[in-house]
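# The sequence and its predicted three-dimensional model are supplied below.
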Amino acid sequence: MTETMQAVQIHEYGGLDVLKLEAAPKPVPTENEVLIRVAAAGINPVDTYARAGGVAGMMGNDPFPLILGWDVSGMIEQAPAESGFQGGDAVYSMVNFPGKSSTYAQYVTAKLTDIAHAPQAIPITEAAAVPLVALTAWQVLFEAGNLQAGQRVLIHAAAGGVGHIAVQLAKWKGATVIGTASAQNADYLRQLGVDEFIDYTEQRYEDVVSDVDLVFDCVGSDTMARSIPITKQGGTVITIAGQPEADEKDGVRLKRVLVRSSGEQLAEIARLMDAGHVKPTVAHRFPLAQTAQAHELQASRHVRGKIILTT
Ligand SMILES: NC(=O)c1ccc[n+]([C@@H]2O[C@H](COP(=O)([O-])OP(=O)(O)OC[C@H]3O[C@@H](n4cnc5c(N)ncnc54)[C@H](OP(=O)(O)O)[C@@H]3O)[C@@H](O)[C@H]2O)c1
């Protein structure tokens, strides 16, 4: 008989009302996968787009019933022999991104290559706040952006999920960090290490910033275009929320990054967390039964740090 678990599933794309907490088959790991007993699932903006059908291309044919979510933390329930993981290990992961979602549930399977031991510096539930945003920040700053010590980086939406981790990673690297947010996040961002704070509701950043080496656009819309004139020749503007019109403009490189799963990078990020360089801000926690409230809050675009769902 198939074992069951509780999961938040959708049977069609749509609004908050399509989210259903209900019984679903407990997943069974393949030989290269682990089974994780979920402690928490992290919420990201892409989860709300997924619910509405905005990333249906990632979900494969015939995806319903579909469990949402990619971020997870929890304990290994079952692992292949000699995999480096064993029952009871605390792990965290962004599972299978870009690809079909699965983590708003009591159990989830994940490829060995997508998981890492969780940081010990924070509670296991909070570790679910980290994977997607930290992998995004890592891949933008250090892969696509090649950020070096001593460089100036401008992070748009520095108080958001991606931004607040990007600020800490850039400071760890030895960069000078300029961050945009509204006034309510000024003290918060200075405490995180931002060297120059810009309240985007009061000032146009292009009036007060110049000569940056790297711009990290977590906002979209006209942010990329407005950031080009304040970037050094040979510098780079990277968006995760828009689409560049060309590879280069006025001597500035333009890029878009789509995050991808990496257990290896999560292991490095866990080491930085355990060394005290990076810590997630978990602003809100909801039980799985209140996923709709969590999605509604996420869609406000004004959360500081992260929202998690606990099982
Ligand atoms: N391509 C990828 O792989 C990838 C990966 C991750 C995320 N994303 C996308 O990147 C975007 C950011 O993700 P996220 O998780 O960081 O979102 P988030 O946590 O929802 O961002 C919320 C933050 O945005 C700030 N904000 C809103 N409007 C702003 C503006 N005009 N200027 C500066 N800050 C502003 C808010 O600060 P205030 O309250 O102070 O306004 C708030 O702290 C989303 O569109 C997401 O879908 C893409």
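Looks like it came in fine.
# ok, and the closest non-adjacent residue to A166?
A137 (3.9 Å; C-beta to C-beta, 6 or more residues apart in numbering). No exception for glycine: its C-beta is placed from N, CA and C like everyone else's.
# The one you found should be in a strand, yeah?
No. Going by DSSP: H, G, I helix; E, B strand; the rest coil, the assignment for A137 is helix, not a strand.
# how many neighbours does the residue in the stretch 51-200 of the chain that the ligand sits nearest to have?
Proximity of the stretch 51-200 of the chain to the ligand (C-beta to the nearest ligand atom) peaks at G160, 2.6 Å away. Neighbour count for G160, taken as other C-beta atoms under 10 Å: 23.
# Leaving out chain neighbours, which residue sits closest to it?
Nearest to G160 is C218, by C-beta to C-beta, 6+ apart, at 5.9 Å.
# Equivalent analysis for D47, please.
Closest residue to D47 apart from its sequence neighbours, by C-beta to C-beta, 6+ apart: L68 at 5.4 Å.
# Just the local confidence number for that neighbour, please.
L68 carries a pLDDT score of 98 in this model.
# same check, this time on the one 5 residues further on
At S73 the predicted local distance difference test score is 98.
# Can you give me the pLDDT of the residue nearest to G145 when sequence neighbours are not counted?
Counting by C-beta to C-beta, 6+ apart, G145 lies nearest to L214, which is 4.7 Å off, once chain neighbours are set aside. Note on L214: pLDDT of 99.
# Which secondary structure element is home to L214?
strand 212-217 (DSSP states H and E).
# can you check S102 too?
Going by DSSP H and E, S102 is not in any helix or strand.
# That one: what's it in contact with?
Shown in contact with S102 (C-beta atoms under 8 Å, 6 or more residues apart in numbering): P27, I67, G69, W70, V95, N96, V108, T109.
# Please repeat the previous calculation with a cut-off of 6 Å.
I67, V95, V108 (C-beta atoms under 6 Å, 6 or more residues apart in numbering).
# cool, Y205 as well?
Each residue near Y205 by C-beta under 6 Å, 6+ apart is listed here: T180, I198.
# Quick check: phi and psi on it?
phi -60, psi -30 (degrees, to the nearest 10).
# pLDDT score assigned to it?
Note for Y205: predicted pLDDT of 98.
# Kindly report the same for T239.
In this prediction, T239 carries a pLDDT score of 98.
# okay, now it: neighbour count?
T239 sits with 23 neighbouring residues when counted by other C-beta under 10 Å.
# The residue nearest to the spatial centre of the chain: which element?
Centroid-nearest residue in the chain: V133, 2.2 Å away (criterion: C-alpha atoms, centre = their mean). Using DSSP H and E, V133 maps to helix 131-138.
# ok now the helix or strand just after that helix, how far from the chain's centre?
Proceeding N to C from helix 131-138, the next assigned helix or strand is strand 152-156, under DSSP H and E. Relative to its parent chain, strand 152-156 has a centroid offset of 18 Å by C-alpha atoms, centre = their mean, to the nearest Å.
# Next, the angle from strand 152-156 to strand 212-217.
20 degrees (axes from the mean of the first three to the mean of the last three C-alpha atoms, to 10 degrees).
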